[in-house]
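Undergrad: Structural data only, the sequence is not supplied:
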């Protein structure tokens, strides 16, 4: 075990390839969570797994990284009752990594559930705010794209099949389509102003 620690401290923490190589070499050790019982070993496991998770994220291996995050949460549960001064720090890091990974997978709503928690923890953290607002913007764009598809489809149907479908209500159909187009233009122009940060009371 001391040899593994010595090897770990020699690694360049900015080199994801080195971290991946180290973890794979000692995977059996770090995947055996039963070895992490005392406070110091639990903290060591969390630190190594967190760095490994970031290295996986850089290689776009998001599912693998999320599995590691679940392992970190398991270790954090053990650490909670051991009066670790690093517990809050590690917990916040795990949350951020999870939110980031979900965002990378385009699971924006799930990602923002995490970032809501992080904003409650640190309401002045601009990185958390940026991720939350960006996720909100992507969610809005998805909804706008669906609405835009409906409007354009309705417009084309009105042009090519309007006389057959609407018969005597053709004028009304054109008015409705025109209104939908106006609404679409307004939404696309101003939707960013409707995106706001969560209120402080959200838990």
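TA: That came in fine, so what should we check first? Just so we're clear, the structure is a prediction, and the values are computed from it rather than from any experiment.

Undergrad: longest helix anywhere in this protein?
TA: Looking across the chain with DSSP state H, the single longest helix is helix 126-165.

Undergrad: How is this protein divided into domains?
TA: 2-105, 138-194 (automatic domain parsing).

Undergrad: quick revisit: which positions within the longest helix of the chain qualify as buried?
TA: For helix 126-165, a neighbour-count test (16 or more other CB atoms under 10 Å) marks 128-129, 131-136, 139-140, 148, 151, 155, 158, 162 as buried. (Each C-beta comes from the backbone N, C-alpha and C, glycine too.)

Undergrad: Mind giving me the packing neighbours of the helix or strand following it?
TA: Using DSSP states H and E, the helix or strand that follows helix 126-165 towards the C-terminus is helix 170-190. Here helix 170-190 touches helix 126-165, going by 3 or more CB pairs under 8 Å, 6 or more residues apart in numbering; DSSP states H and E.

Undergrad: The helix it packs on: how far from the chain's middle?
TA: 22 Å (CA atoms, centre = their mean, to the nearest Å).

Undergrad: between that helix and helix 170-190, how many degrees?
TA: With axes from the mean of the first three to the mean of the last three CA atoms, to 10 degrees defining the directions, helix 126-165 sits at 170 degrees from helix 170-190.

Undergrad: packing partners for helix 126-165?
TA: Against helix 126-165 (3+ CB pairs under 8 Å, 6+ apart) you get helix 87-104, helix 108-121, helix 170-190.

Undergrad: Sweet, I'm off.
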